[in-house]
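**Q** for reference, the sequence and a predicted model appear below.
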Amino acid sequence: MPYSTFSDAQVNSLIKAIDSDGYAVLPDWASPAQLKELQALVANAVAAAGNDYVALSGRQSVTGTPMYDWGNSRDFIDLCRRVVAGATGERSSDTSLTQTLRCLTGNGGRRESLIFHYDSFVLTTIMPVCMPETGERGDLLMLPNHRPIRRSYLRNLVDKVLVDNRWVQHYLKSRLKRDDQAFTRITMRPGHLYLFWGYRSLHTNMPVAEDALRATAVFHYHNVHGSSSLASRLRKSLGTFKGQDVPDDVPQT
């Protein structure tokens, strides 16, 4: 990570880019050596999954790698905190990031693509590790800044339910076919870090060819409704029903 601290002007520039363009970019976030190390990790994880979709969630699953270090980096967390504060006017007390290394390939990779959603976290950052150079690249797709930050978890839940159903998903895919210019499409480069308002932006990734590989390191910061008692009760109820713990938000980008 070549960046350590950021000036107020640099942070404000990132916020303005996200507000106006839908996203901001920090070039060469990962060094060539770090990128090579993560690409080896991805290759091993995909092979262990039978050359199909796999996601490594949390820091422990990537122990000893640059992604583990970034998830605990004070500079990275401070940057996220300042960007969120500049956008919301509130300083987050969150001291950690939610992270996933997401690897799209095979049939599973196609099933996990073109699923439009809102994140539960204000800020989403993505650093591509592997991207196809031709064909179906899995570009990031979004309707940026599509909703405000909701004051209540219930209103946020309504937003998600209205999107997470087959009718709306079908409508959005049909709209994409009819008018792809209505969407912001981002062709990402490995090693660059992309920042956007995951909570406010309706987003997904384009499909990836079954014989190709798209891997991204995804970091989320500031769960808006993380302290909601309703959210906690719903998670516990779903966890009891399914026999497992259910997270508030699983990175899908």
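**A** Looks like it arrived, so ask away.

**Q** and residue 68, how far from residue 222?
**A** Distance, residue 68 to residue 222, using C-beta to C-beta, to the nearest Å: 21 Å. No exception for glycine: its C-beta is placed from N, CA and C like everyone else's.

**Q** which one's more surrounded, these two?
**A** Higher neighbour count among residue 68 and residue 222: residue 222, with 25 against 16, using other C-beta atoms under 10 Å.

**Q** assumed that one was part of a helix.
**A** No. Read with DSSP: H, G, I helix; E, B strand; the rest coil, residue 222 is strand and lies in no helix.

**Q** what sits against it?
**A** Counting by C-beta atoms under 8 Å, 6 or more residues apart in numbering, residue 222 touches 80-81, 84, 92, 94, 121-123.

**Q** before we move on, what about residue 147?
**A** Going by C-beta under 8 Å, 6+ apart, residue 147 touches 118, 159, 200, 202.

**Q** widest-spaced pair of these?
**A** Spanning the widest gap among these are 159 and 200, at 10.1 Å by C-beta to C-beta.

**Q** what about these two, which has more around it?
**A** Between residue 159 and residue 200, residue 200 has the larger neighbour count (other C-beta under 10 Å), namely 25 against 17.

**Q** isn't there a helix covering that one?
**A** No. Assessed with three-state DSSP, residue 200 is coil; it does not lie in a helix.

**Q** hmm, it is touching residue 150, no?
**A** No. Here residue 200 does not reach residue 150: they are 9.7 Å apart, not a contact under C-beta atoms under 8 Å.

**Q** and the strands in the protein?
**A** Applying DSSP state E to the chain gives strands spanning 24-26, 54-57, 98-104, 121-130, 140-143, 184-186, 193-197, 202-205, 214-223.

**Q** export those strands to CSV and tack on mean pLDDT?
**A** Formatted as CSV, the strands of the chain follow (pLDDT from 0 to 100):
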stretch, mean pLDDT
strand 24-26, 97
strand 54-57, 95
strand 98-104, 96
strand 121-130, 97
strand 140-143, 97
strand 184-186, 96
strand 193-197, 98
strand 202-205, 96
strand 214-223, 96
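
**Q** residue 74 is nearest to which of those?
**A** That would be strand 214-223 among the strands of the chain, by C-beta to C-beta, at 13.2 Å.

**Q** and the closest one, how far from the chain's centre?
**A** 4 Å (C-alpha atoms, centre = their mean, to the nearest Å).

**Q** could you dump the contacts of residue 147 to TSV with distance to residue 98?
**A** Formatted as TSV, the contacts of residue 147 follow (distance: C-beta to C-beta, whole Å):
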residue	distance to residue 98
118	15
159	19
200	17
202	19
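
**Q** doesn't residue 105 make contact with residue 55?
**A** No. Taking C-beta under 8 Å as the definition, residue 55 is not a contact partner of residue 105, at 11.8 Å.

**Q** neighbour count winner among these two?
**A** Taking neighbours as other C-beta under 10 Å, residue 55 and residue 105 compare with residue 105 leading, 25 against 20.

**Q** now do the phi/psi pair for the more buried one.
**A** In terms of degrees, to the nearest 10, the main-chain angles of residue 105 are phi -160, psi 170.
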